[in-house]
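S.K.: Let's see this in three dimensions:
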Amino acid sequence: MSDITTTDTSVADPGTGRTRHLGWALVLISVAQLMVVLDASIANIALPFIGEDLDIDEANLTWIVTGYALAFGGLLLLGGRLADLYGRRRIFMVGLAVFAVASLLGGIATSEPLLLGARGLQGLGAALASPAALALITTTFPAGPARNRAFAVYAAMSGAGAAVGLILGGWLTGLDPILGLEGWRWTFLINVPIGVVAALLAPRFLPESESHPGQLDVPGAVTGTLGLLGLVYGFSRAGEEAHGWGDTWTIASLAAGVALLLAFAFVESRVSHPLLPVRVFANRTRATSFLVMALVPAAMFAMFYFLSLFIQLVVGYSPLETGFAFLPFSVGIVIGAGVSSNLVNRIDARYIAGTGTLMAVVALVGFSRLSVPTGAADLLALGPDGHLGSDVSYWASIFPFIVLMSIGMGLTFVPLTLTAVHHLRAEDSGIGSGVLNTMQQVGGALGLAILGTVSLHYAEGTKDRLSEQLTAQGLPPEQAGGLAFLGSFTEGATAAFLVGAALIALGSIAIWAFLNVKHTELATDGPEGGVHVG
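M.R.: Below is the predicted model:
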């Protein structure tokens, strides 16, 4: 992938006559995308420190994560369309500026409302910048090897962001105060110089697209945004142990989201300039790409969630050690994306993405075989800290499947990103990118909700049984419950991994059956008219 900076390094901008350096353009877009993606996980490790410092109770702490996910997932379609209408570079810059300001507010927040508001504002900035970034790759890099390599770097940044966020979050929160500011504040403040510099450099390295002001579909924007907010919030709430699928607000949120999205579909069929043109979904290959890019993150995000908890709570790793345990994922997805970007020039996307998803299925089945002692006598024999420690081998039981999963994801994301936006009309590239990002966010929220429910279902019975056995051995109820958690959590997590494997298997079936685009077609530009794309 590194040869993107040495091959086809510059092209003439027909609009200004200036030379555009593609290597620096890619660095700019990639850094911005990495910043946006890792912010979804970088704050997770800092939550206990934030709660203690700002006196936020445990129930409201989840809103630091949920608030960002809500704004990001709910506003992506709007962000993508605004990029099409008002200029992709302009919206990219606005998104980065909003993100930087929100990060500054979060880093200096002295109260719960200010921090939660800053997280929502970060989500808005991310929703503006992310689809514009993907669309800018389409419009900046010529079709063929250069664009394929650019998509590989973009996909690697998107996939590695969660792992990088865990490492960076663990390191920053463990630092002693810098300039009088606690370590958790730097998980936000680190974004400020990055966002500002990227926004200032954008006019130098990125081209601007045509703008079409006055064509914004306001009714569609309102109904579509509120509908997505309802779905993301409902799925997020359903995945929480304290609420679940039967909770009144969960049901109300999901019902309202579905109703508003139906209203959105009605509006879109009757306006002259819809927020989401139906033609974006009219192509079978593109629709398949969108579907699979919802199913795959649904399993991948859940893998990060359950595996990070297993490594910390069961094996006994510290937050920083847990972050480094995922470092091979970042390396593997970069390798997989690099291999994929070279293969996609010679092999049809179906075979590359299909192989990648099958590798991910095998990896998740491997994670489902993680086990801990489930007998009372075995649990009683554990050390006083209640962790399994060396009884679970990271290198034998976890590392191989992290590597397999990451390479599989690299092989999957690059061809699917290409096919999802390939041959879109120029005026639809922003909204097409917004749809792709939306499917990932909604899929991730739905995946956590479904797999969280599966995990709780399998864990509850095991925990009750082990607690009774340990209490009968004379342990105090609190200690018995803590030891029983080791077996019960793992029982639930491994069941969730199996369901995640089934979700990716469905995506793999869809790829092999419906993803019908030749590798030669991915080297062409322009809308699909006259070109068979399946």
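
S.K.: Please name the residues that touch Ala420.
M.R.: When contacts are counted by CB atoms under 8 Å, 6 or more residues apart in numbering, Ala420 touches Arg286, Ser289, Phe290, Met293, Gly432, Val435, Leu436. Glycine gets a C-beta too; all of them are placed from N, C-alpha and C.

S.K.: same thing but at 10 Å, please
M.R.: Residues near Ala420 by CB atoms under 10 Å, 6 or more residues apart in numbering: 134, 151, 280, 283, 285-290, 292-293, 432-433, 435-436, 439.

S.K.: same check, this time on Pro415
M.R.: 148, 151-152, 155, 289, 340-341, 343-344, 347-354, 356, 422, 511, 515, 517, 519, 522.

S.K.: longest helix of the protein?
M.R.: With secondary structure taken from DSSP state H, the chain has its longest helix at helix 429-472.

S.K.: Show the average pLDDT along that one.
M.R.: Across helix 429-472, the average pLDDT comes to 85.

S.K.: ok, then the element right after it?
M.R.: Downstream of helix 429-472, the first helix or strand assigned by DSSP states H and E is helix 477-514.

S.K.: For burial, what's the neighbour tally of Ala152?
M.R.: 27 (other CB atoms under 10 Å).

S.K.: so which strand or helix has it?
M.R.: Counting by DSSP H and E, Ala152 is found in helix 145-173.

S.K.: tally of neighbours for Val192?
M.R.: 18.

S.K.: quick one: the residue nearest to Ala126 when sequence neighbours are not counted from Ser253, how far?
M.R.: With sequence-adjacent residues excluded and distances taken as CB to CB, 6 or more residues apart in numbering, Ala126 is closest to Val36, at 4.3 Å. In this view, Val36 and Ser253 are 25 Å apart by CB to CB, to the nearest Å.

S.K.: Neighbour count for these two, which is higher?
M.R.: Under the criterion of other CB under 10 Å, the comparison of Val36 against Ser253 puts Val36 first, with 28 against 21.

S.K.: Quickly find the element holding that one.
M.R.: Short version, using DSSP H and E: Val36 is in helix 22-42.

S.K.: next SSE after that helix?
M.R.: Using DSSP H and E, the helix or strand that follows helix 22-42 towards the C-terminus is helix 47-54.

S.K.: how about the next helix or strand along the chain from that following helix: buried residues?
M.R.: Using DSSP H and E, the next helix or strand after helix 47-54 towards the C-terminus is helix 58-86. For helix 58-86, burial by neighbour count (16 or more other CB atoms under 10 Å) applies to 61, 63-86.

S.K.: Check stretch 311-331 too.
M.R.: 311-317, 319-320, 322-323, 325-326, 328-331.

S.K.: How far does it sit from its chain's centre?
M.R.: 18 Å (CA atoms, centre = their mean, to the nearest Å).

S.K.: for stretch 120-134, same thing?
M.R.: So, by CA atoms, centre = their mean, the centroid of stretch 120-134 is 13 Å from its chain's centroid.

S.K.: Please apply the same query to stretch 87-101.
M.R.: 20 Å.

S.K.: Tell me if Trp245 really is in a helix.
M.R.: No. Under DSSP: H, G, I helix; E, B strand; the rest coil, Trp245 falls outside any helix and is assigned coil.

S.K.: So for the nearest residue to Glu240 once chain neighbours are set aside, what pLDDT did the model give?
M.R.: Leaving aside its chain neighbours, Glu240 sits nearest to Thr62 (7.0 Å; criterion: CB to CB, 6+ apart). With respect to pLDDT, Thr62 scores 78.

S.K.: again with Thr520
M.R.: Thr520 is given a pLDDT of 89.

S.K.: Can you name the residues that contact it?
M.R.: Asn345, Arg346, Asp348.

S.K.: again, but for Glu52
M.R.: Contacts for Glu52 (CB under 10 Å, 6+ apart) come out as Glu182, Trp184.

S.K.: For Ala46, see how far away it is.
M.R.: 10 Å.

S.K.: Need the overlap of contacts for those two.
M.R.: Glu182, Trp184.

S.K.: which residues touch Ser308?
M.R.: Ser41, Asn44, Ile45, Ala162, Ala163, Leu166, Tyr317, Pro319, Thr322, Gly323, Ala325, Phe326.

S.K.: Show me the shaky parts of the stretch 51-200 of the chain.
M.R.: When residues are selected by pLDDT under 70, those of the stretch 51-200 of the chain lie in 59.

S.K.: all helices for the stretch 101-250 of the chain, in order.
M.R.: For the stretch 101-250 of the chain, helices defined by DSSP state H, counting those that start in this stretch occupy the ranges 112-140, 145-173, 186-189, 191-205, 218-238, 248-268.
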